[in-house]
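[1] based on what follows, work out the 3D shape:
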Amino acid sequence: MRVYADIFKALADETRLTIMALLFRHGKLCVCDVMRVLQTSQSKASRHLRYLKNAGLLDNRREGVWVYYMIASPPGKEPGRVLRAIAELISSLPADETESRLSEWLGKRLAGGAACEAALCK
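    Sure, this is the predicted structure:
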């Protein structure tokens, strides 16, 4: 029961729900992507991502100095059950302003007009 309580505590925050919705829609995001889109500090973005990871909802992968987060695959037993039950709901959460900021940021980054600052992505 404690594992479920931890999972639902992780999802009980609006910022973390927004992060989950963005990850369901985009697959993976760098810490600096989350930071730019949510207009928050690197430490706050990392703290929210780590909270979701510790609840078993996210995995991360380091690529050089960048750390990318994605929905856990395969998630543990309890997180997997919760993710399957709420995936459609979370992925359809409205994120109009956030989604447009992410699209703009990723477009600039992929076009080479903006770059992650290595110190921000750890």
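[2] wasn't T18 part of a helix?
    Yes. When classified by DSSP: H, G, I helix; E, B strand; the rest coil, T18 is found to be part of a helix.
[3] run a quick neighbour tally on it.
    If you count neighbours by other CB atoms under 10 Å, T18 ends up with 20. Heads up, the C-betas are built off the backbone N, CA and C, glycines and all.
[4] thought it was touching L38?
    Yes. With contact taken as CB atoms under 8 Å, T18 and L38 are classed as touching, separated by 6.8 Å.
[5] anything in contact with each of the two?
    With contacts defined as CB atoms under 8 Å, 6 or more residues apart in numbering, the residues adjacent to both T18 and L38 are T98.
[6] dihedrals phi and psi, N60?
    Dihedral pair for N60: phi -130, psi 160, per degrees, to the nearest 10.
[7] that one: what's it in contact with?
    The contact partners of N60, taken as CB under 8 Å, 6+ apart, are L49, K53, V67, Y68, Y69, M70.
[8] thanks a lot, see you next time.
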